[in-house]
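Undergrad: have a look; sequence and predicted model below, questions after that.
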Amino acid sequence: MASVAWTNIGELATADSSMGEGVLGVLSDAAVVAQDGVITWVGPSAACPAADESIDVGGAAVIPGFVDAHTHPVFAGERSAEFAARMTGTPYAAGGIRTTVAATRAASDAELRANVERLAAEALRQGTTTLEAKSGYGLTVHDEQRSLVAAGTVTDETTFLGAHVVPAEYADRPDDYVALVAGDMLQACAPHARWADVFVERGAFDVDQGRAILSAARDAGLGLRVHGNQLGFGGGVALAVEMEAASVDHCTHLSDEDIEALAASSTVATLVPGAEFSTRSSYAPARRLVDAGVTVAIASDCNPGSSYTTSMPLMVALAVREMGLSPAEAVWAATAGGAASLQRSDIGVIGVGRRADLVALDAPSFIHLAYRPGVPLVTHVWRA
């Protein structure tokens, strides 16, 4: 593969504070060179080495590709009526997941794959170059396995979420479902997943059930993730820290003890402002988390029930306006923070040795992602 140089970058946000100004390591009048899809040089345009191909970005701002570390794109159907009801006062509850389970089970493999591919392409157009994709709307051995196969057509960051909710057929015997998830379902799904996740929440799974599932997943060689503290205060965050999970996601309701535990751990808090926007819930305390030293990521939580969006630029704007992050902190959380959530050292940052994932904006600065919400600022996306 030929070498490529991106030149005349008006503002380059590297997401590496050692590279330039502030948390985003910002450089002005910069250039980037890559060979075989990997960055080999970053610096001032005037010192840019020769390359086989040169791309003049015309003074635009360039940021790393977004790393969306929490999505649920394998499903069928939609739940717009549920959304409309919420907007007129019906409170959100996890039970709506079962509506999507029925539609997903009835869909063909081709239909599931087409929906995943549609959403991944939509995300890519908006600057997302890495996408984590969960199962969780099948909730049978067969349907969870085929969901992960569908997810694997667009990403290598696949997550087994058989422990999303207890399906209707197991409503009276949830412990039997936990045994299925930790047993036959995990065995069938582990070859198709990098991660395992569990929804520790009222209406889903309690801490003991979550621990049993995560322990089995760890024994099967999967990395661990947790949905925690979304609908209220609970034990999800503490369980994630106890199990040394890579990430605990949502984190809407956090005690001081939860934040202290996260700050003392390596577990990333992955926040999903789209879910709070779409459910009219309070937003996660991002400012408190960052100030306490917790590593924070933001993700879209793309799903048909509580956050039907793939727009990471929207997540940046919400994190700034509603969660108290600065524009630089929000972009870092959507790039380098997402990479940390996935325990990836090759993405999320524009630096030597990293994958050449670059996004050009029709703007002079990354700040415009929050300053001009809803405007399609992404003009070009380069992935590797």
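TA: Arrived safely, thanks for sending.

Undergrad: what's the helix or strand bottoming out on mean pLDDT in the chain packed up against?
TA: Here the helix or strand of the chain ranked lowest by mean pLDDT, DSSP states H and E is helix 80-87, holding a mean of 88. Applying 3 or more Cβ pairs under 8 Å, 6 or more residues apart in numbering; DSSP states H and E, we find helix 80-87 packed against helix 273-279. No exception for glycine: its C-beta is placed from N, CA and C like everyone else's.

Undergrad: which residues does the helix it packs on contact?
TA: The contact list for helix 273-279 (Cβ atoms under 8 Å, 6 or more residues apart in numbering) reads 83, 86, 92, 230, 250, 252, 281-284, 298, 300-302, 306-309, 311, 314-315, 318-319, 322-323.

Undergrad: output it as CSV, restricted to C-alpha atoms.
TA: As requested, C-alpha coordinates have been extracted for helix 273-279 and formatted as CSV (Å, rounded to 0.1, in the frame of the first residue of the first chain):
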residue,chain,number,x,y,z
PRO,A,273,-26.0,10.5,26.9
GLY,A,274,-28.3,9.4,24.0
ALA,A,275,-30.1,7.1,26.3
GLU,A,276,-30.8,9.9,28.8
PHE,A,277,-31.8,12.2,26.0
SER,A,278,-34.2,9.6,24.6
THR,A,279,-35.7,8.6,28.0
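
Undergrad: next secondary structure element downstream of that helix?
TA: Per DSSP states H and E, the first helix or strand lying C-terminal to helix 273-279 is helix 286-291.

Undergrad: elements contacting that following helix?
TA: Checking 3+ Cβ pairs under 8 Å, 6+ apart, helix 286-291 ends up next to helix 256-263, strand 268-271, strand 296-298.

Undergrad: thinking again about what came up before, write the ChimeraX selection for whichever of the contacts of helix 273-279 are buried.
TA: Listed next is the ChimeraX selection for buried residues among the contacts of helix 273-279, using 16 or more other Cβ atoms under 10 Å:
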select :83,86,92,230,250,252,281,283,284,298,300,301,302,306,307,308,309,311,314,315,318,319,323
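
Undergrad: pull the distance from the least confident helix or strand of the chain to the chain's centre.
TA: Taking Cα atoms, centre = their mean, to the nearest Å, one finds the center of helix 80-87 at 24 Å from the center of the full chain.

Undergrad: how far off centre is stretch 16-24?
TA: Mean-position distance between stretch 16-24 and its chain equals 23 Å (Cα atoms, centre = their mean).
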